[in-house]
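1. Turn this into a model:
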Amino acid sequence: MAGFTPPDGSAVLAPSSALPGWTAEYAVPLGGPGHLLLATFEQAAIGIAHMTLTEEWISVNQRYCEIVGYSREEILQLKLDDVTHPDDVQASREFLDRIRSAELDEPKLEKRYVRKDGSVVWVQVTVSIVRSVNREPLYLVAFIDDITERRDAQREASRSFSLLRATLESTADGILVVDLDGKILSFNQKMADMWEIPPEIFNSGDDQRAIGAALEKLVHPDDFMSKVMELYRHPEEASYDVLELKDGRIFERYSQPQRIDDVAVGRVWSFRDVTARKRAEDQGTALVREQAARAEAENSEKRAALLAEASRVLSASFDYQTTLAALVRLAVPALADYCALDIVAADDSFERVGEAHVDPAKSSLIRQVARFPRSALTANHPLIRVITSGVPVLETVITPAFIRASFAEPEQRRTVEALEPRSLICVPLVNSGKPLGALTLVTSNSGRRYEVADLSLAADLARRAAIVVEHARLYHEAQQATRARDDVLAVVAHDLRNPLNTVTMAVGLMLEQTPVENVQERRQVEIVRRAADRMNRMIQDLLDVKRMESGRLGIEPKPESPASLINDTVEMLRPLATGSTITLEADVSESLLPVMADAARIQQVLSNLVGNAVKFTPRSGRVTVCAEAIDGGIRFGVIDTGPGIPPDQVPHIFGQFWQAMPSDRRGIGLGLAIAKGIVEAHGGMIWVESNVGLGSTFYFTLPSAA
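-> Down below sits the predicted model:
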């Protein structure tokens with residue numbers, strides 16, 4: 001608030017936000033009624049704004065500033081349109097025009113403000129014209145109420161109601177909602193359709209009319225009516241009935257109390273037409289004997305299907321722990337309520353490789369049993385008996401005495417009893433007469449009891465599992481042998497570098513010191529140098545393979561011209577092609593965009609591909625190195641006129657140590673594997689397209705430097 005002194009010298013008070021020039025108009029004596037009015041203006045819970053008839057700000061209170069997010073000083077520098085949402089400006093102007101022309105009986109408008117921070121707030125604006133004693137309009141006063149939360153709540157309520165309405169109309173049941181007095185509050189169209197009652201009866205809200213219309217269609221109307229009255233007397237109760245209609249239809253009726261804050265406020269009636277289901281059930285009873293006759297045949301078929309699926313699952317991977325765990329899950333619930341598979345470890349302990357229970361809540365109990373030490377299992381325990389003797393165990397009925405005889409400690413017995421075992425089969429996984437482990441199948445709440453036929457099926461599963469374990473162990477041994485080979489190769493490659501470097505240096509020195517005219521001597525030295533170079537390439541290939549396997553194949557890509565990469569490689573390898581009377585040519589445009597590449601590594605790729613092409617292309621053949629732009633990069637190609645690659649060999653050519661002709665001693669089968677590793681390290685792809693008798697084309701891609 002700001003002080004103001006009129007000409008007569010009395011102390012007055014005016015709004016602190018009042019526009020200069022209007023202060024005197026607003027000023028009121030201190031302590032008078034106007035003083036209280038100004039305090040109310042400033043502290044009001046809603047926004048208040050005074051404006052001239054031409055929409056110039058006179059004064060705004062603190063709440064108005066909070067709503068729009070501007071200070072008073074900032075607001076007085078703005079126009080009303082500046083804080084109004086652009087989509088609401090026209091409506092706001094028309095609203096004020098109608099206020100000024102006294103055309104509105106209800107001077108209210110809901111509109112949006114754009115706050116200083118850019119957020120949008122919904123407000124309800126109520127505008128009045130303040131007039132003089134002569135009824136002359138002086139200025140406008142607006143009351144602004146923030147209704148954002150109310151609008152959000154209305155929108156959410158509308159959405160919820162729409163969702164509820166859609167749910168009611170989409171359900172296959174007839175739904176009727178009433179209050180505690182029986183007045184009909186809501187229903188869906190299905191209700192009217194299935195009862196064949198006109199919707200206007202439900203729309204009337206009179207439950208007596210609706211009940212009367214329904215009673216005419218029922219076989220036992222008195223029973224229905226007495227149940228309805230009983231539920232009205234006990235609004236907290238739920239109910240279920242089966243209703244027979246005179247036209248032969250059968251309805252299920254569900255009735256649930258409707259609650260708000262856990263207090264019953266009404267009731268929801270749900271009606272479901274189960275005529276077809278009931279008739280099917282009646283027909284099902286007549287088919288029991290026929291189904292019993294087919295049961296054994298279907299059982300056999302299911303067992304065969306289970307064994308086939310088990311074979312598929314067990315052959316999916318050499319990781320026997322994964323496949324055996326999948327086999328256990330396959331057995332539940334097809335064969336057992338819970339199942340476990342244990343493998344004998346090297347120290348004669350048991351390793352649990354798979355377990356499953358039809359009830360996930362009891363899985364923790366199975367895990368507790370799996371953690372029992374071997375000393376907790378007595379000699380009578382099925383697992384110990386099977387591992388010791390190799391003979392399957394069938395316990396048709398598991399009794400408390402059997403559990404006591406199988407476990408040493410009371411706490412362990414209680415854990416097993418919580419699983420509620422009813423019947424058990426334990427069969428060995430045998431290889432060469434020695435048990436590798438055991439498969440345990442147990443029934444529980446399903447009530448099934450195992451018979452001899454089930455023992456045979458379990459034994460078949462165990463035999464398949466034993467084969468998987470043995471194959472997995474053989475595969476593991478082969479993998480170890482491969483790793484040992486690779487380690488030896490790495491050591492050999494590393495240890496050969498030093499003596500080979502000595503040979504290379506010595507050969508170079510001999511070439512420098514041998515006169516040019518000593519042709520025979522220089523030829524022999526050249527043979528040694530080429531052999532050393534070949535050995536060096538082989539060693540480098542072995543080291544590159546080890547780097548790829550360990551993820552340490554380093555590249556340093558930078559923008560490179562595809563034409564330079566190809567031309568440099570072709571010039572370097574031209575003597576090799578010429579010596580084999582093969583035409584080697586480059587087909588690449590100088591205008592191709594640069595690629596991101598480690599030049600030395602990509603030339604190594606091209607050298608490997610061109611070297612292979614020259615090696616397998618007959619004399620007088622042709623090898624072409626080309627490149628073309630593709631989406632996102634450049635595709636390189638090495639095209640030869642050789643014999644082509646048979647389709648059965650194509651999937652293997654990029655593998656390590658693979659050669660088209662095992663007797664070929666011109667390499668060790670690593671060139672293409674290394675090329676693949678280098679290209680993929682650049683983020684590209686490499687592949688081959690070949691036709692037998694027509695030649696092959698090796699492609700690889702590199703990303704554009706752009």
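
2. Could you pull out the buried residues of stretch 569-581?
-> Judged by neighbour count using 16 or more other Cβ atoms under 10 Å, the buried positions of stretch 569-581 are Thr569, Val570, Leu573, Arg574, Ala577, Ser580. In short, each C-beta sits where N, CA and C put it, glycine included.

3. Same question for stretch 594-604.
-> By 16+ other Cβ under 10 Å, the buried positions in stretch 594-604 come out as Pro594, Val595, Met596, Ala597, Asp598, Ala599, Arg601, Ile602, Gln603, Gln604.

4. Name the nearest residue to Glu521, ignoring sequence neighbours.
-> Excluding the flanking residues, the one nearest Glu521 by Cβ to Cβ, 6 or more residues apart in numbering is Thr514, at 5.3 Å.

5. go on, Asn380?
-> Spatial nearest neighbour of Asn380, chain neighbours left out: Ala405 (4.5 Å); criterion: Cβ to Cβ, 6+ apart.

6. Against Glu395, how distant is the one you found?
-> Ala405 sits 11 Å away from Glu395, going by Cβ to Cβ, to the nearest Å.

7. More neighbours: which of these two?
-> Glu395 (18 against 13; other Cβ atoms under 10 Å).

8. Spit out the contact partners of the more buried one.
-> Pro382, Phe402, Ser423, Leu424, Ile425, Tyr450 (Cβ atoms under 8 Å, 6 or more residues apart in numbering).

9. Same check on Val430?
-> Gly390, Leu436, Ala462, Arg463, Ala466 are the contacts of Val430 under Cβ under 8 Å, 6+ apart.

10. Need the pLDDT of it.
-> At Val430, the model reports a pLDDT of 87.

11. helices or strands up against the helix or strand hosting Met572?
-> If you go by DSSP states H and E, Met572 is part of helix 562-579. Judged by 3 or more Cβ pairs under 8 Å, 6 or more residues apart in numbering; DSSP states H and E, helix 562-579 is in contact with strand 583-587, strand 595-597, helix 599-616, strand 622-630, strand 633-640.

12. Quick one: mean pLDDT over the longest one.
-> Averaging the model's pLDDT scores along helix 599-616 yields 88.

13. One more: stretch 449-462?
-> 89.

14. if we can go back for a sec, so which two of the contacts of Val430 are the farthest from each other?
-> Greatest spatial distance among these (Cβ to Cβ): Gly390 and Arg463, at 12.5 Å.

15. separation between the residue nearest to Asn380 and Ala379?
-> Taken as Cβ to Cβ, the span from Ala405 to Ala379 is 9 Å.

16. Got the phi and psi for the residue nearest to Val328 when sequence neighbours are not counted?
-> Closest residue in space to Val328, ignoring its immediate chain neighbours: Gly354 at 3.5 Å, by Cβ to Cβ, 6+ apart. Main-chain dihedrals, Gly354, degrees, to the nearest 10: phi -170, psi 140.

17. and Gly354, bridged to which residues?
-> Leu341 (DSSP bridges).

18. Check whether Glu237 sits in a helix, strand or coil.
-> coil (DSSP: H, G, I helix; E, B strand; the rest coil).

19. can you check the one 3 residues further on too?
-> Following three-state DSSP, we place Tyr240 in the strand state.

20. all strands of the stretch 251-400 of the chain, in order?
-> 263-273, 338-344, 350-357, 393-395 (DSSP state E, counting those that start in this stretch).

21. Quick check: which of those strands has the most neighbours on average?
-> strand 338-344 (a mean of 24; mean count of other Cβ atoms under 10 Å).

22. Could you list the residues in contact with that strand?
-> 324-325, 327-328, 331-332, 350-358, 362, 366, 369-370, 383, 387, 419, 429, 435-442, 444, 465, 469.

23. Also stretch 197-207?
-> Contacts of stretch 197-207 (Cβ under 8 Å, 6+ apart): 176, 178, 182-185, 187, 189, 191-192, 209-210, 213-214.

24. can you list the buried residues of stretch 569-581 in JSON lines and add distance to Asn134 and pLDDT?
-> As requested, the buried residues of stretch 569-581 are exported to JSON lines (distance: Cβ to Cβ, whole Å; pLDDT from 0 to 100):
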{"residue": "Thr569", "distance to Asn134": "102", "pLDDT": "88"}
{"residue": "Val570", "distance to Asn134": "104", "pLDDT": "90"}
{"residue": "Leu573", "distance to Asn134": "108", "pLDDT": "85"}
{"residue": "Arg574", "distance to Asn134": "110", "pLDDT": "87"}
{"residue": "Ala577", "distance to Asn134": "112", "pLDDT": "86"}
{"residue": "Ser580", "distance to Asn134": "117", "pLDDT": "83"}
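
25. Thank you kindly, that will do.
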